[in-house]
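S.K.: Based on what follows, work out the 3D shape:
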Amino acid sequence: MIVGPNLDLNGKRLLFIKPSSLGDVCHAVASAWALKARWPGLHVTWLVNRTFEPLLKGVACVDETLSFDRARFKGLLTLFRERSALRAFVQSLRQGCFDVALDLQGLLRSGMFAWLSNAPVRLGFAKAREGSRLFYTHPVDTPAGPIHARDRYDALTAALGCAKPPREDLDVGPAERSRLHELLSREGFSGERMVAVCPGARWESKRWPPLQFARVLDELAGHGAGQPLIVGSPDMAEICREVAAACMLARPVDLCGRTGLRELTALLDECELLLTCDSGPMHIAAAQGTPVVAVLGPTDPLRTGPYGQLDHVVSGECELMPCLKRHCPGLGDKCMKDLDARRVIEKALALLNAGRRK
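M.R.: Just a heads-up that it's a prediction; the model follows:
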């Protein structure tokens, strides 16, 4: 099979490898849309971490998902202990009879998955980490300099002959909208303007103080923004409760841990605004075209900010930015704690006053 602009993958089977994280899976959906636009008859099987598999259910550009438990395939000792599960997983890979494997993860494990699939054509990043390029038949160069993750993924599909993705959304349908509205009704949502806030983040260094989020929500409520909806994963429950408790004027509905990924996507699709730190919901909202005000500190918005909305990012000031560290390397989370809430309020009000344009 000759890879290039004349390649025809209609009727072929492609293994699409992007297991994690939540934000990266969101970014990669655009690449799947690009593949389907180029070859409507291509069968796309997405290899994904079981945690994020529900996000892809119902997305029309994904024909099938193949999930795995990341914890069972982490480290050589764990692989040895779980060797029977590994054998079963490899067998399921090979039963896919894939013609092409496309590795958007670019790590040793994902490169091995591409190789173990027995796909005769395997593409991945030429400058991938952990030596994963050794498993590719076609290493692909990406543009030099800092580029967004979305654009890196587009470089891989371009190598196959695809144009820019025609869409990037997560294909929200009536079923998840119905489940969302039932939940909102049960939780006493007033039905006013929908503004969401996601105050949690897995990295401690990415978190903005709950009092600051509450201050912004109170200010927005004073300008008629309605009843805010607090979202997040179950492990962010304490942070979400702190934000809700600190609000003086706003009357937030705390939905933390109450939505599945598809219902969360429907919620963010219908919102006028999402206020967030660097989080998975930030990328879901951006993919749905929802305006995002993102408070960023240790990460680089040029690489991982809300795609297409980098002008909505509010960053702190610190000589170590972006440090890319899970924990502050020594300045007491200065980049986040010193970030003035008035800057966030100004950006949020401007977007709300402009109105959402789908």
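S.K.: The spatially closest residue to residue 246 that is not a sequence neighbour: helix or strand, and which one exactly?
M.R.: Excluding the flanking residues, the one nearest residue 246 by Cβ to Cβ, 6 or more residues apart in numbering is residue 214, at 3.6 Å. In this view, the C-beta of every residue, glycine as well, is placed from N, C-alpha and C. Element membership for residue 214 (DSSP states H and E) is helix 210-222.
S.K.: which strand in this structure runs the most residues?
M.R.: In the chain, taking DSSP state E as the definition, the longest strand is strand 43-49.
S.K.: what's the helix or strand following that strand packed up against?
M.R.: Later in the chain than strand 43-49, the nearest helix or strand by DSSP H and E is helix 53-56. In terms of contacts (3 or more Cβ pairs under 8 Å, 6 or more residues apart in numbering; DSSP states H and E), helix 53-56 is packed against helix 22-38, strand 64-68, helix 261-270.
S.K.: what's the average pLDDT for the shortest one?
M.R.: When you say that, I think you mean strand 64-68. Mean pLDDT, computed over strand 64-68, is 95.
S.K.: which parts of that strand are buried?
M.R.: Going by neighbour count (16 or more other Cβ atoms under 10 Å), the buried part of strand 64-68 is 65-68.
S.K.: could you dump these to TSV with distance to residue 40?
M.R.: Converted to TSV, the buried residues of strand 64-68 look like this (distance: Cβ to Cβ, whole Å):
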residue	distance to residue 40
65	19
66	21
67	25
68	28
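S.K.: now, which of these sits nearest residue 102?
M.R.: The shortest approach to residue 102 among the buried residues of strand 64-68 belongs to residue 66, at 13.4 Å (Cβ to Cβ).
S.K.: Toward the C-terminus, what is the element adjacent to the lowest-mean-pLDDT helix or strand in the chain?
M.R.: Ranking every helix and strand in the chain by mean pLDDT, DSSP states H and E puts helix 76-81 at the bottom, with a mean of 58. Downstream of helix 76-81, the first helix or strand assigned by DSSP H and E is helix 83-95.
S.K.: And that following helix, what does it pack against?
M.R.: strand 64-68, helix 108-116.
S.K.: Which residues does the helix or strand following that helix contact?
M.R.: Next along the chain after helix 83-95, taking DSSP H and E as the criterion, comes strand 100-103. The contact list for strand 100-103 (Cβ atoms under 8 Å, 6 or more residues apart in numbering) reads 1, 9, 12-17, 31, 110-111, 113-115, 117, 119, 121-125, 128, 132, 135-136, 156-157, 160.
S.K.: List phi and psi for the spatially closest residue to residue 58 that is not a sequence neighbour.
M.R.: Leaving aside its sequence neighbours, residue 58 sits nearest to residue 173 (Cβ to Cβ, 6+ apart; 5.4 Å). The phi/psi pair for residue 173 (degrees, to the nearest 10) reads phi -110, psi 180.
S.K.: Kindly tell me how buried residue 173 is, as a neighbour count.
M.R.: Per other Cβ atoms under 10 Å, the neighbour tally for residue 173 reads 14.
S.K.: count of residues packed around the nearest residue to residue 316 once chain neighbours are set aside?
M.R.: Take residue 316 and drop its neighbours on the chain: the residue closest to it by Cβ to Cβ, 6+ apart is residue 335, 3.6 Å away. The number of residues packed near residue 335 is 26, by other Cβ under 10 Å.
S.K.: All set, thanks.
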